[in-house]
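structure, please.
(2 chains)
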Amino acid sequence: MNGPQDLGGQMGFGPVAPEKDEPYFHAEWEKRALGVTLCAGAMGAWNIDESRHARESLHPADYYGSSYYQIWIKALETLLKRHGFVSERDLAAGEAVDAAATPKRVLKAENVPAVLAKGGPCDRPVATAPRFKAGDHVRTRNFNPTGHTRLPRYARGKEGTIEAVHDGFVFPDSNAHGQGENPQWVYTVVFDGAEIWGDGTDPTLTVSIDAWESYLEPA
Amino acid sequence: MSHDHDHDNELDPFAARVRALETILTRKGLIDPAAIDVIVDTYETKIGPRNGARVVAKAWNDPAYADWLKRDATAAIESLSYTGRQGEHMQAVFNTEGTHNLVVCTLCSCYPWSVLGLPPVWYKAPPYRSRAVIDPRGVLDEFGLTLPAETKIRVWDSTAELRYLVVPLRPRGTDGWSEEQLADLVSRDAMIGTAQARQPA
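Next up is the predicted model:
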């Protein structure tokens, strides 16, 4: 979706302002926000793509007005409600009022090291051979889906070169919406800066994205 | 109130909102609050940029390892026991005299947790995510890094599940240094691409 998350090339946000010796957390609640989000995800009711889509579906004013952990928590409340784990009444009361759906699993403290060490690999076998090979010239598709996609607006309808063919990966555009993993080949596609940004672009700039096969067509 | 929460502002509505959510989920038996403690401890004390610095230092000292890292970063990094969440599929990109690499996630906050730990706030915030792809030199200037005008800049937008680790150039004057000494020269920012490796003192 053309949402607030799609930031590449947007202007007006000001300087980057790195913080010297930045701590991992700026408040105690941020620690709990990280942990609650990971524990809730471990229930297995949604996948990372649905969770990213919940975050980018915040109203743009809300998204830009929120810190990153605030975005996580707001999206988490949406996911928990969608999947029947908390209700509006729970949230309004600030305590457990209604019964919850049954999770696939509950992450216990003793299992955390193993779960974090395993992660959630997203590579999957793909039945067909890759359509493209390194060196091929491709054009990214121009589309504007209302659902989740990982093709940024700045890289749509642009000509680039396949630099690497990776594994098959879960397709976020369907997986975010409960429509299956539908794995596709993923490619690193590199663009000249000027192809993307046009007049006045730094001639030394190249930009790459990692693109699922259906984002691409031969150029 | 436990000591852990001494620094919370009890009137901060967002802190209250997170605490309420944790309470609701705990009462319903959906989460284990002790699991949260373990997660936080893991990312505060166990998994951080020191992991990535050791990968870089080993690549500097061991050409065979550097070659492996180039070909199959996931396996080469796993051989040092750095694995797991947000590091499942790794790619290492090597700076050269002519090309500088910079990593961003314009769409969210993708970052190689297994080797760099949790991302800094600026990496997740709109100024960096919006400008790294269109004005990388301007961004680097704000980090105090001014590259020669002829140096090529390659920006990697982490739009899929590959996570990128920049291998900076080895500083001159470090011949014969041990991997531990070399790792001290490798900052988090150098492995994102917003800095170079530190020069030896």
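
distance of A:Pro113 relative to B:Arg85?
Counting by CB to CB, to the nearest Å, the gap from A:Pro113 to B:Arg85 is 11 Å. Quick note: C-beta positions are derived from backbone N, CA and C, even for glycine.

kindly apply the preceding question to A:Trp197 instead.
Relative to B:Arg85, and taking CB to CB, A:Trp197 is found at 34 Å.

one more: B:Pro126?
25 Å.

and for residue 52, the neighbour number?
Using chain A. 20 (other CB atoms under 10 Å in any protein chain shown).

to clarify, I was referring to chain B.
By other CB under 10 Å, neighbour count at B:Gly52 equals 28.

that one contacts B:Val115, doesn't it?
Yes. Between B:Gly52 and B:Val115 a contact is recorded at 3.7 Å, counting by CB atoms under 8 Å.

mind listing the shared neighbours of those two?
Taking CB atoms under 8 Å, 6 or more residues apart in numbering or on different chains as the criterion, B:Gly52 and B:Val115 both touch B:Tyr82, B:Leu165, B:Met191.

can you pull the pLDDT of the last one?
In this case it means B:Met191. B:Met191 carries a pLDDT value of 98.

ramachandran angles for it?
phi -90, psi -10 (degrees, to the nearest 10).

helix or strand: which one has the nearest residue to it once chain neighbours are set aside?
Spatial nearest neighbour of B:Met191, excluding adjacent residues (CB to CB, 6 or more residues apart in numbering or on different chains): B:Gly52 at 4.7 Å. B:Gly52 is located in helix B:49-61, with elements delineated by DSSP states H and E.

run through who's touching the following helix or strand past that helix.
Next helix or strand after helix B:49-61 toward the C-terminus (DSSP H and E): helix B:63-71. For helix B:63-71, the external contacting residues (CB under 8 Å, 6+ apart) are B:Val55, B:Lys58, B:Ala59, B:Trp60, B:Ala75, B:Ala76, B:Ile77, B:Ala92, B:Phe94, B:Val167.

so who does the residue nearest to B:Met191 touch?
Applying CB under 8 Å, 6+ apart, the residues near B:Gly52 are B:Tyr82, B:Pro112, B:Val115, B:Leu116, B:Leu165, B:Val186, B:Arg188, B:Met191.

that one and B:Gln199, how far apart?
In terms of CB to CB, B:Gly52 sits 19 Å off from B:Gln199.

B:Pro33 too?
When distance is defined by CB to CB, B:Pro33 is 45 Å away from B:Gln199.

what is the burial count for residue 56?
As the question left the chain open, I've gone with chain A. 21.

the chain in question should be chain B.
Applying other CB under 10 Å, we find 28 residues neighbouring B:Val56.
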